[in-house]
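Asks: sequence plus the predicted model coming up.
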Amino acid sequence: MNITRENVDALNAVVKVDIAKEDYSDKVEKILTDYRKTANIPGFRKGHVPMGMVKKQYGKAVLVDEVNKLLQDALNKYLTEEKLDVLGQPLPKPQDEINWDAETFSFEFELGLAPEFNVDLNAKNAITHYNIIADDKMIDEQIERIQKQYGAVTPQEVIAADSEITGTYTNEDEAIDNTVTLTLDKFKGDATAKQFVGAKVGDVIVLKTKGLYEDDHELMHALKVEHDKAHGLDIEVSFTITEINQRELADLDQELFDKLFPGGEVTSVSAVREKIKEDAEKQFKQQSDQKLLNDITEHLVENTTFDLPAEFLTKWMQTAGEKEMDEAQAKEEYAKSEKSLRYQLIEGKLIQDNDIQVTVDDIKGHAKEMIKAQMAQFGQMNPSDEELDGIAARVLGNQEEARRISEQLVSQKLIALYKEKANLDVKEMSYENFVKEVYGDK
């Protein structure tokens, strides 16, 4: 067997595989000999069928199968040994009908080669990294929500300014049907609140969505609609009142502290505030890190320049999916996926250059930490290592879950790399100001 490669250019190559009779003849002969032992052909006893008849009936099919196996094995071995970084899969070049009566065969494959490039993390213009803090205003609001949640509830006949109201937003045309519990201070302006004051259970209040809340994110949650739909939504919705309550604030005493933090380690309001701040800022860090990952991803894709074998990839996409595509569909699909492909190559380059690795122990450790956190939510604070190992083994038995955890860990390691090496401008701000700056003051 002989394999040769011709580089068309830096991104495209053609590999030619020549297969000679001696490469496959012994294997084909052995298979046909085995067939002869078991062939069931009328007029002949099993094992006594003439070899010529076996070859006539099965020879070409066995030859084709063995040559194709040999071809694929040889091509894969060649790509590995030559350390060729290919995109997609090798594409067989069209050829006239193969003469399977010949003794030698030649096959050609087109290759799309990954480009060579460098990644510069130290951008000229700094990328913003948000350090989101839980300020006093947020902590005060959270403490008040906790006091309301644990406070006594008294039913009311009519709505007052400080009532807690449960009802359902509906709009048939927009398929809106969502039940919420709200207070009047959440609405933007006094006019809307005045429509509610004095209303009773069963009353229906018609509201305009435009300007209903200070923030379109609140409208999104209230109506249970998608983010993009909530932005600038200008329709009428009906709010049917189903329940009216007066909620007293629970006292900030040890009884409440123990409900919030079982174990008795929290004994003061200041300790509660610290706990709230700590928990909130853990969540904020996740949001901040995700924002940083998104921004650096965008920056790297836009500023890391390299060419791709676009023509080859478009051709490959025509047959790579579950359904074949024509050329126009493949071009459209390539245009959609090019940005993602570029980042995959950039990410792979960063992982290779910085020796980023995720081990089995890393994945197992992360899974155990996730399980511990989930168990803690249900009051199981000190599970044994044996118990954690058993649950982790079951979780990681799901290959999809193991892959997801591995990807999470790679992302975490990349974020750590960016924090260490990228040109970042750290901005500290409250969560409220973060939302305004990142998503707009809506």
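Replies: That came through fine. Numbering: from 1, shown residues only.

Asks: for residue 197, which non-adjacent residue is spatially closest?
Replies: residue 159 (5.6 Å; C-beta to C-beta, 6 or more residues apart in numbering). Heads up, the C-betas are built off the backbone N, CA and C, glycines and all.

Asks: that neighbour - how many residues pack around it?
Replies: The tally of other residues near residue 159 (other C-beta atoms under 10 Å) stands at 22.

Asks: before we move on, what about residue 49?
Replies: 19.

Asks: before we move on, what about residue 101?
Replies: When neighbours are counted by other C-beta under 10 Å, residue 101 comes out with 7.

Asks: begin at 4, not 1, for the rest of this chat.
Replies: Renumbered: residue one is now 4, and that last one reads residue 104.

Asks: in a helix, that's where it is, yeah?
Replies: No - applying DSSP: H, G, I helix; E, B strand; the rest coil, one finds residue 104 to be coil, outside a helix.

Asks: was I right to think residue 173 contacts residue 182?
Replies: No - counting by C-beta atoms under 8 Å, residue 173 does not reach residue 182; the two are 9.8 Å apart.

Asks: tell me which of those two has more neighbours.
Replies: residue 173 (17 against 13).

Asks: tell me the bridge partners for the more buried one.
Replies: residue 180, residue 241 (DSSP bridges).

Asks: what distance do you get for it to residue 224?
Replies: Going from residue 173 to residue 224 by C-beta to C-beta, to the nearest Å gives 16 Å.

Asks: so where's the stretch 54-203 of the chain uncertain?
Replies: Applying pLDDT under 70 to the stretch 54-203 of the chain flags no residue at all.

Asks: middle-most residue in the protein, spatially?
Replies: When C-alpha atoms, centre = their mean is applied to the chain, the residue found nearest the centroid is residue 407 (7.9 Å).

Asks: quickly find the element holding it.
Replies: Using DSSP states H and E, residue 407 sits in helix 402-424.

Asks: which parts of that helix are buried?
Replies: 405, 408, 409, 412, 413, 416, 417, 418, 420, 421 (16 or more other C-beta atoms under 10 Å).

Asks: give me the pLDDT value at the fifth one.
Replies: In this case it means residue 413. On pLDDT, residue 413 comes in at 95.

Asks: that one touches residue 357, doesn't it?
Replies: No - using C-beta under 8 Å as the test, residue 413 is too far from residue 357 to be in contact (11.3 Å).

Asks: where in the stretch 304-445 of the chain is pLDDT low?
Replies: 382, 384, 444-445.

Asks: strands of that one, residue ranges please.
Replies: 427-433 (DSSP state E, counting those that start in this stretch).

Asks: can you put the buried residues of helix 402-424 in CSV and add distance to residue 83?
Replies: Shown next, in CSV, are those (distance: C-beta to C-beta, whole Å):
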residue, distance to residue 83
405, 25
408, 28
409, 23
412, 26
413, 23
416, 26
417, 27
418, 32
420, 28
421, 32
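
Asks: which of these sits closest to residue 238?
Replies: Using C-beta to C-beta, residue 418 comes nearest to residue 238 of these, at 40.0 Å.

Asks: got the contact list for the closest one?
Replies: 292, 295, 296 (C-beta atoms under 8 Å, 6 or more residues apart in numbering).

Asks: ok, now residue 287?
Replies: Residue 287 touches 135, 136, 137, 434, 437, counting by C-beta under 8 Å, 6+ apart.

Asks: with residue 430 instead?
Replies: 131, 132, 133, 134.

Asks: give me that answer again for 6 Å
Replies: 131, 133 (C-beta atoms under 6 Å, 6 or more residues apart in numbering).

Asks: list the beta-bridge partners for it.
Replies: residue 133.

Asks: the closest residue to residue 229 other than its chain neighbours: which element?
Replies: Among residues not flanking residue 229 along the chain, residue 223 sits closest, at 7.3 Å (C-beta to C-beta, 6+ apart). Using DSSP H and E, the element containing residue 223 is helix 219-226.

Asks: just the CA trace of the helix or strand following that helix, in CSV.
Replies: Using DSSP H and E, the helix or strand that follows helix 219-226 in sequence is helix 230-233. Output of helix 230-233 as CSV, limited to C-alpha atoms (Å, rounded to 0.1, in the frame of the first residue of the first chain):
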residue,chain,number,x,y,z
HIS,A,230,-36.8,38.5,27.0
ASP,A,231,-36.9,39.9,23.5
LYS,A,232,-40.7,39.9,23.5
ALA,A,233,-40.9,41.7,26.8
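
Asks: tell me where the stretch 304-445 of the chain has helices.
Replies: 313-323, 330-356, 363-380, 388-399, 402-424, 434-442 (DSSP state H, counting those that start in this stretch).

Asks: now those helices in CSV, with distance to residue 61?
Replies: Shown next, in CSV, are the helices of the stretch 304-445 of the chain (distance: least, C-beta to C-beta, whole Å):
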stretch, distance to residue 61
helix 313-323, 29
helix 330-356, 38
helix 363-380, 46
helix 388-399, 45
helix 402-424, 38
helix 434-442, 68
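
Asks: follow-up on the earlier one: surely the residue nearest to residue 229 meets residue 233?
Replies: Yes - the criterion here is C-beta atoms under 6 Å, and residue 223 meets it with residue 233 at 3.7 Å.

Asks: from the contacts of residue 287, which would you call buried?
Replies: Buried among the contacts of residue 287 (16+ other C-beta under 10 Å): 135, 136, 137, 434, 437.

Asks: what's the farthest-apart pair in these?
Replies: 137 and 437 (11.2 Å).

Asks: if we can go back for a sec, so the helix holding residue 407 versus helix 388-399, what angle?
Replies: 100 degrees (axes from the mean of the first three to the mean of the last three C-alpha atoms, to 10 degrees).
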